[in-house]
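[1] Got a predicted model here, sequence first, then my questions.
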Amino acid sequence: MQSRYGYFLGLCLCVWLALTGPVFGQATTWPHALRFHALRFQRFEHNQALSNLAVHTLVQDRFGLLWIGTEDGLNRYDGHSIKRYRHRPDDPGSLPTNSVRKLLVGSDGTLWLLLGDRTLCRYDWQQDRFVREPLDLPETSDWRLHVFTEDRQGHLWLAGRNTLLRYDPRTKASRSFTLPEVKPPATAPAHPLGIRALTIDQQGRFWVNVSFRLCRFHPETGSLAATEVSLDQNNPLLAHPNGYLYGAARVNGQLTLLEVSPETGQVVGRYPIEQQLTLAVAPQVNDLAVDGELLWLAINGIGVGRFNTRTKALDYAVYDRTNPRSLAGGEPLTILRDRSGVLWVGDRRQGLSLLTPYAAYFKTYRSDPNRPDHLSLSDDYIRGLCEDRAGNIWVGTQYGGLNCLVARTRTIRHFRHRPGDTASLAHDAVWAVLEDRQGQLWVGSRSGLQTFDPQRERFTTFPLPPNEAGQQPAVLALFEDVDGTLWIGSELHIFAIPPDRRRVTAPLAARLTETSLAGKIGEVQAFYRDAQGALWIGLDEGLLRLAPDGQTLRHFREELGKSVSGVPMVCSFLTDSAGRFWLATKGMGLLQYDPAHDRFQALTERDGLPHNNVYAVLEDRRGRLWMSTDDGIARYEPRTGKLRHYRAEEGLQGREFNRRAHLQTRSGIIFFGGTQGLTAFPPDELEDNPYPPPVVAFVQTGQQTRLVTAESPPVDIPRDERTVTLQLAALDFNAPQSNQYAYRVEGRDAGWRVLDRQSTLTLPDLSPGNWVIHVRASNNDGVWNEDGLRVRLYVQPPWWRTTWAYAGYFLVGTLLAWGGYRLRRDRTRLLMRTRVAQARLAAQTRAKQRQVKLSRQLAYKNRELIEANDRLRQLDEVKQRFTAMLVHDLKAPLASVKMLLELLKTLLGDSIDREIQEIMDNTARSAERTLQLIHEMLEVMRGEAGGLQLDLQETNLRTVLESALATILPLSRDKQQTVESELAADLPSLKADGPKLERALVNLLSNAVKYTPEGGCIWLKTKVIQGTGVERGRRFLVIEVSDTGIGIPETELPYIFDPYRQSTRGHAVGAGLGLAIVRNIIAAHGGNVTVRSQVGVGTTFWVTLPLPQSALPNQNEGRPDEPAAAAS
């Protein structure tokens, strides 16, 4: 086990190399390796944000938030920021007083506070306020404000000078127990007697430090039984889960940790606390904390003690004001181990310190002007690294010469260039260091190559061929081959020194001219001899491979891939334990060489690598690869493909690392050098944080922030604050900057959206209604809390989207529907009356024509005919006025109703009620059908009045027919019908209104599809025929539309072309205007429509159109099957 001095220094590699003592620690949370590492604390980065630096008490609540009670206010830490609570006279829900002496989380999760003015209160997390308890502690009792605990029944216990008080939070009842006087030990100091500490063991027994003596208290009877165990004043008393009691006492004048058996009341172990570690204050144990088999001690005047209850080992972390990795202060008052394994220490004057189990692995060496030279590097910009046979670590720096971490003395020695001294370092820019098999240390710098004699501490220049300027070339890389040859890489050349070290050669110079480099190799970065005997040389543009026979030299360039900066720089090589060959490159990440296919496979940022600039790759004993990059350290497991990113916040020297600054010692320790120092760590002992962090959210709207947990009700968002910001907090404090967050808005996002190293989520312009944002978080090692947190929000709607507004919309819609129904019914009745009047008038006219031959009555009948015609014209005028009035009075309101419904649907969006949506859709369809009916009525009336206007143009009949067929094909396919057409190859052109003619054909074809059952057939045929009788000499186009539908009863055939007369076949829907429109359009073109039908067999329509005289006859002209087809 390390001595106290080893932990106090804790500066160099030997912290790992020399630690061979027994393993101890908490087995459930702390990784195995950390149980014997030195205690490297961090100063809490938010100390200056605390309400006060005098920290009295610490506690973690049921959600995972850290609460910090100070002399002047209460603080809550969520991993990102501090929220301060103080007393405000104008706010009854604020902290009653600012001095927080003790915090306690009850078994039901309630956060209790015991304040400096003897006030007991609890925290209401839903309202973010404090509630006083009706418990007044009289000032005369000299209350011990550090004594505050809870028993198994949920009762709270407080202590006065000789009084124990039990408080029931449920009934608000309290009871006092006055303890009898206890004779103090003879060695007790002359201090006021009374209660000093209270604890409750695993069996529910009460143990009290009364007048410096350990006593057992029986709450059932109020009696007190003293033991022979003497305790110190104000030192805490703790019942450990292992069954023992722990306290502190002075034994022969030395502060000692006592281990007491509660069964016998006897001391079973005494463990002296080393007082020579103390500062200029009297040592005293201020607090104890349980951590599995570990017991943590807050020792005033020393710092923190760590006691292993199994091995009985006790070691310390001593406050050192010159060491930023030590405690913040030397007077710790309180200590807490949170659920993520972080140890928190509150100091009387200096705020908080923390010890994270996963950041303790990394040790950093820096140049620190506040520390002695023998404990600090000469420069932070690290270059070459080397381990000699004595275990010393040699560190080359860019600006500070050469450093040596001396293993024996645990100090750092500096070697610098001294102008005029030939025995000193040639230059302060040292880029390569190597100890060969003969024990000779070689140093490469900007001014050439030197050897070092450690006995005389002299550097000797080993001359190399001078460069073009006549000076010694800069030495960038050193490598000792398997035969002892020393390879030297410089800016433009590759040299070799044979094992006898008597000369310098350039064995590759001739072969380099034969490669694509033409002898210009640039800077040499690294050498490597693989298992097959090939020599690999990394360059700043690609790499060279010298075959095992030493004859073939190959230059790899484009084969490595193309990076943003061009050809990647090859910085280092590695053959892992599985035989895979890896290359660390600047620009292309990590490359794996496949010799079987002679190709490279890249692992880059797209695969999860933190940066494409990789400077070194090393392997640990588990087969994991470790890489230094320009964004921290990466760990890669080739077997699983898992990547882990270690950032500067986790204890590294900084973000950026350097070329050639890597080393793996014989014991497996890895050193990576960067721009801000040297980082060392034991890779085999580095374990991931397995703790999935709980997550909470702080909902920010306007000026208000509300805590949201899994128990929170939905958060109401005012209608005028629809932009919501969620501040997410993963309550794992190991490296909160490395925690990650993802979210998914339920009902909108199909997958998770990861917030890139951010903890703030802003949801702009949320629509009214209920929202659920599912949030989850990961710790610094990427372990996700899969359950996460569901943040429920309710955005209040504007007044026009309230329940009352929807009721009004429903009422208006109902009235509109009822009015539309009444209007349609009245209009139908009026139309029927008009048709009856027309039928009667036609009958009278036909009767009068039959009496034309009667000469006597001719004049009379003529007068009657004139009068009848006058009445008919009057009726037509009435009809036209009525039609105009109907179109005007109905079209505009219906269009307005339709537009209003569309506007309402747009405003209501997705949150519209389903029943209301259905009503609005039905109303819109009714309005649409009514408008269509009005247009059809108008067209029929125009046709009958001769007002159908045609836009006659030269029309391609084939185009019209094919367009009509294309219109009905989707409908026929839905009914699985067969549609066939027989169109003449040389159909003539015709002056016609193409769109109206197409509409007539579409109506006929649509009726055929409508009244033909599924699987039926429909035909479209054309012919050109010669006219007969009075039409002799004229030609006509006959268009035939036939189907295998249900047919038309013979009694209905005379009326099918009458408007508003529907067929009774099938389930007819509509006003019966389609065939009337067909008749009017064909008649306007000078043609006619005839029909023949048989029920159950089918129906055939013939459309006959006259052709101009210039039209070419059809080769297959003839007559249709229907004799009347050519009649006009």
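    Structure's in. What do you need?
[2] Outline the domain layout of this protein.
    If you go by automatic domain parsing, the domain ranges for the chain are 1-84+282-361, 134-272, 375-463+474-510+523-557+569-594+614-685, 695-796, 801-944, 953-1126.
[3] any chance of these in JSON lines, plus mean neighbour count and mean pLDDT?
    For glycine as for every other residue, the C-beta is placed from the backbone atoms N, C-alpha and C. Written out in JSON lines, the entries for these read as follows (neighbours: other Cβ atoms under 10 Å; pLDDT from 0 to 100):
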{"stretch": "domain 1-84+282-361", "mean neighbour count": "20", "mean pLDDT": "78"}
{"stretch": "domain 134-272", "mean neighbour count": "17", "mean pLDDT": "88"}
{"stretch": "domain 375-463+474-510+523-557+569-594+614-685", "mean neighbour count": "19", "mean pLDDT": "95"}
{"stretch": "domain 695-796", "mean neighbour count": "17", "mean pLDDT": "90"}
{"stretch": "domain 801-944", "mean neighbour count": "14", "mean pLDDT": "77"}
{"stretch": "domain 953-1126", "mean neighbour count": "17", "mean pLDDT": "81"}
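[4] Turn these into JSON lines, including distance to E605.
    As requested, those are arranged in JSON lines below (distance: least, Cβ to Cβ, whole Å):
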{"stretch": "domain 1-84+282-361", "distance to E605": "24"}
{"stretch": "domain 134-272", "distance to E605": "47"}
{"stretch": "domain 375-463+474-510+523-557+569-594+614-685", "distance to E605": "7"}
{"stretch": "domain 695-796", "distance to E605": "13"}
{"stretch": "domain 801-944", "distance to E605": "39"}
{"stretch": "domain 953-1126", "distance to E605": "51"}
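[5] So for L104, which of those sits nearest?
    domain 134-272 (5.6 Å; Cβ to Cβ).
[6] Which one of the domains of the chain lies nearest to L113?
    L113 sits nearest to domain 1-84+282-361 of all the domains of the chain, at 7.1 Å, using Cβ to Cβ.
[7] what about the strands in the stretch 251-400 of the chain?
    In the stretch 251-400 of the chain, the segments counted as strands under DSSP state E, counting those that start in this stretch are 254-261, 266-272, 284-291, 294-300, 303-308, 314-318, 332-337, 343-347, 351-355, 363-365, 382-387, 393-397.
[8] As a markdown table, the ones you listed with distance to Q737 would be great.
    Shown next, in a markdown table, are the strands of the stretch 251-400 of the chain (distance: least, Cβ to Cβ, whole Å):
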| stretch | distance to Q737 |
| --- | --- |
| strand 254-261 | 36 |
| strand 266-272 | 38 |
| strand 284-291 | 24 |
| strand 294-300 | 25 |
| strand 303-308 | 24 |
| strand 314-318 | 23 |
| strand 332-337 | 21 |
| strand 343-347 | 17 |
| strand 351-355 | 14 |
| strand 363-365 | 17 |
| strand 382-387 | 24 |
| strand 393-397 | 28 |
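[9] Tell me which of the ones you listed lies nearest to L137.
    With Cβ to Cβ, the closest approach to L137 among those belongs to strand 332-337: 21.4 Å.
[10] Give the partner strands of the closest one in its sheet and their orientations.
    As defined by DSSP bridges, the strand partners of strand 332-337 come to strand 343-347 (antiparallel).
[11] How about residues contacting the partner strand?
    For strand 343-347, contacts defined as Cβ atoms under 8 Å, 6 or more residues apart in numbering pick out 41, 53-58, 66, 68, 289, 291, 296, 298, 303-304, 327-338, 352-355.
[12] partner residues bridging the closest residue in space to I521 that isn't next to it in sequence?
    With Cβ to Cβ, 6 or more residues apart in numbering as the criterion, I521 has its nearest non-adjacent residue at 5.8 Å, and that residue is L539. Residues in a beta bridge with L539, per DSSP bridges, are V524.
[13] how close does L539 sit to H597?
    With distances taken as Cβ to Cβ, to the nearest Å, L539 is found 23 Å from H597.
[14] Also G253?
    On the measure of Cβ to Cβ, G253 and H597 end up 77 Å apart.
[15] Over to R958?
    The span separating R958 from H597 equals 63 Å under the rule Cβ to Cβ.
[16] ditto for S211
    Applying Cβ to Cβ, one obtains 84 Å for the distance of S211 from H597.
[17] do I537 as well
    Taking Cβ to Cβ as the measure, I537 falls 22 Å from H597.
[18] Same check on P180?
    Taking Cβ to Cβ, one finds P180 at 89 Å from H597.
[19] again, but for I934
    77 Å.
[20] Mind listing the residues bridging to I299?
    Using DSSP bridges, the bridge partners assigned to I299 are V285, G303.
[21] For it, give me its contacts.
    For I299, the contacting residues are 255, 273, 283-286, 305, 316, 332, taking Cβ under 8 Å, 6+ apart as the criterion.
[22] what about 7 Å?
    Neighbouring residues of I299 by Cβ atoms under 7 Å, 6 or more residues apart in numbering: 273, 283, 285, 305.
[23] what's near enough to touch the last one?
    Meaning G305. G305 makes contacts with 273, 297, 299, 314, 316, as judged by Cβ under 7 Å, 6+ apart.
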